[in-house]
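K.L.:
the following block contains a protein sequence and its predicted model.
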Amino acid sequence: MTADSLTMRLASRRRANWQLNAALGALLLVLFLVSVGIGYVSLSLGDTLAALTGTAGEKLQTIVWELRLPRTLLSMAIGSALGLAGAVLQGLLRNPLAEPGIIGISSSAGLGAVIALYFGWSMAWPLALPASAMAGAAIATIILYIVAARSGSVLTLILLGVAISGFAISLSSLAMNLSPNPWAVSEILFWLMGSVKDRSFYEVNLALPFILIGSAVLMSSGRALDALSLGEEGAQSLGVDLRRLRVLAIVGTSAAVGAGVAVAGTIGFVGLVVPHLLRPVTGHMPSRLLLPSALAGACLLTAADIGVRLLANSGPELHLGVVTSLIGAPFFFYLLFKVGGSMR
Amino acid sequence: MAERALIWPGLWLVLFCWGAGAACAAGPPKVASVSLCGDQYLMMLADPGQVVSLSHQSMSPLSYVKERAASFPRNRGSVEELILSDVELVVLNAYGDTQLKRILRKFGIDYFELPLGETIGDVEETVIALSQKLGREAEGHRLVGRMKKRVEAVSRSAQGGAQPVALYFRSDGGGAGAGTFVDDAIRAAGFRNLQRDLGKKGWGTLPLEQAVMTPPDVFVTSFFDTPYQSVRGLFRYNPVFWELAQKGTLVQVPGKLWPCSSPLLVNAVEFLARAHRETGSNDREMSRDGG
């Protein structure tokens, strides 16, 4: 292959990537409008737009701005954080099955949130909720990284994830049992399956800053992840500081995923499905995968949240994790089947 | 075979007592409650001497009979404790506790299932049925008589007055449509229940969006007063809800009046009726605001 044809291929890749991002951005805009347009009372498109631009009546304004907008913003932010974190973790651990939910980061964040919430810390200091969730996520990510660095096996990481998840969920359940609220245990479903029902700008303000900071940190790891795809020695020979990369990935994942879990519970499989669907289009350069993963994650979770509201007309609302798991679990089986040969 | 052997002596005892009436040598059965609701019923109906133990929830902030319950032992709802305390009758919830019921049957211990009543009338039936089991029928009829009198007094004073529209919210996000004791209490106090009017049944919530579109005159809330930290409670601190509640009237019914359907439902009706009288006096002002 000549240098010229390589440059041309790279240029066409770059163009394809730009088109992909534009298409995902447009899709996200459409989903945003649908998400603020759909709910428990039916509004026409005209009503929705009027409410968004501030020219509708007071009631419609309240519904769109204070009830639908916060949950839409949260589903977009949390979906993009999960998609992005999945793409970065898969690059960092060089493991196609790495995902915040599967490897136990989300449930550890949930444990942190449960402790802050049920023991009243978050009443004394609102930021204790996201802070504690982020700390939980950070501890799990660090443990995962230490083990994954020692053994490169796909299987070890998944099994470790099962163990961390199980441990975090049982500790959450224990914390709920010990909490002074006798009904706390009945809320475990929320922490396992996640939801953005009835959220307000209070939760948006609590989580969004950390999700944005975490996502920015994750986005900055792209170049180093590209180098890492050549292997650790290859990356070092290109002058990449691997320690810095690890810190970026751990801090970014903990902040973005932890803050999301603190207000919406754990939502699985988004970070698994999204990067895999995009990789055939973006090619295998991790840096090119990051922005599309964030956009597509936002699209997926916003679509899921539209879905739960459409399905809820006859009964209580489904949890978001139910929808993402219904999509993600079969996909996980498929991936396991595909990488089955290289599992050892 | 073993089960049958356990049941037969019990049956003979029942038949014997039935024949002998109140003079039965066994006396009123020793009773324990494993449900918060059962605790309330027993403290109102049972003879203190026949109560072996109450549930661990009898001392919780949601227990209306907390002070009286303090002098009784508490159980944790396990079969072991119940068997060892020689209890003859266990009061439990009709919903749930299936495993406990199965084992109690196996040991030949009688139990009384408290249904989740849908109306005050259902509660009155439960009172009579339980009082018969407890050998306290006279107490039961006296209690029902008092309940009827109090509800009648409320409906007399509410008659012909305005019927403000009320909407019920629990701190955990639930509501009350048709076929719930909260709906019955709200209507007995002279309100209309928005959820029932919109054709909703059961304990589901009315979406906040709907409440914004058709705001009620009165918000009835409960269980916001319990100090527990909970994720549902946390996410219920939705500013839209409080804004709506400030526009209308907010009536906070103490949670301990209706954690389940018990005779305390009548207290809730009286509590709501007082709020009804107060909203009635500003009724004209409210309708002017609404128009």
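P.N.:
Ah, there it is.
K.L.:
middle-most residue in chain B, spatially?
P.N.:
The residue lying closest to the centre of chain B (CA atoms, centre = their mean) is B:Ser261, at 2.2 Å.
K.L.:
which non-adjacent residue is nearest that residue?
P.N.:
B:Gly117 (3.7 Å; CB to CB, 6 or more residues apart in numbering or on different chains). Any C-beta I mention is one placed from the backbone N, CA and C, and that applies to glycine too.
K.L.:
equivalent analysis for A:Leu272, please.
P.N.:
Using CB to CB, 6+ apart, the nearest residue to A:Leu272 is A:Glu99, at 3.9 Å.
K.L.:
so where do the helices sit in chain B?
P.N.:
B:2-20, B:36-45, B:66-69, B:79-84, B:98-106, B:120-134, B:137-158, B:181-188, B:194-197, B:208-213, B:231-236, B:239-247, B:265-281, B:283-290 (DSSP state H).
K.L.:
make JSON lines from the ones you listed and add distance to chain A and mean pLDDT to it.
P.N.:
What follows is the helices of chain B, written out as JSON lines (distance: least, CB to the nearest CB, whole Å; pLDDT from 0 to 100):
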{"stretch": "helix B:2-20", "distance to chain A": "33", "mean pLDDT": "47"}
{"stretch": "helix B:36-45", "distance to chain A": "9", "mean pLDDT": "96"}
{"stretch": "helix B:66-69", "distance to chain A": "14", "mean pLDDT": "94"}
{"stretch": "helix B:79-84", "distance to chain A": "18", "mean pLDDT": "86"}
{"stretch": "helix B:98-106", "distance to chain A": "17", "mean pLDDT": "88"}
{"stretch": "helix B:120-134", "distance to chain A": "23", "mean pLDDT": "97"}
{"stretch": "helix B:137-158", "distance to chain A": "27", "mean pLDDT": "95"}
{"stretch": "helix B:181-188", "distance to chain A": "17", "mean pLDDT": "96"}
{"stretch": "helix B:194-197", "distance to chain A": "13", "mean pLDDT": "95"}
{"stretch": "helix B:208-213", "distance to chain A": "4", "mean pLDDT": "88"}
{"stretch": "helix B:231-236", "distance to chain A": "5", "mean pLDDT": "60"}
{"stretch": "helix B:239-247", "distance to chain A": "5", "mean pLDDT": "80"}
{"stretch": "helix B:265-281", "distance to chain A": "20", "mean pLDDT": "89"}
{"stretch": "helix B:283-290", "distance to chain A": "13", "mean pLDDT": "39"}
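K.L.:
between these, which one is nearest to A:Leu278?
P.N.:
Closest approach to A:Leu278 among these (CB to CB): helix B:231-236, 32.4 Å.
K.L.:
can you put the helices of chain B in JSON lines and add mean neighbour count?
P.N.:
Converted to JSON lines, these look like this (neighbours: other CB atoms under 10 Å in any protein chain shown):
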{"stretch": "helix B:2-20", "mean neighbour count": "11"}
{"stretch": "helix B:36-45", "mean neighbour count": "25"}
{"stretch": "helix B:66-69", "mean neighbour count": "16"}
{"stretch": "helix B:79-84", "mean neighbour count": "15"}
{"stretch": "helix B:98-106", "mean neighbour count": "14"}
{"stretch": "helix B:120-134", "mean neighbour count": "19"}
{"stretch": "helix B:137-158", "mean neighbour count": "15"}
{"stretch": "helix B:181-188", "mean neighbour count": "25"}
{"stretch": "helix B:194-197", "mean neighbour count": "21"}
{"stretch": "helix B:208-213", "mean neighbour count": "21"}
{"stretch": "helix B:231-236", "mean neighbour count": "21"}
{"stretch": "helix B:239-247", "mean neighbour count": "16"}
{"stretch": "helix B:265-281", "mean neighbour count": "20"}
{"stretch": "helix B:283-290", "mean neighbour count": "12"}
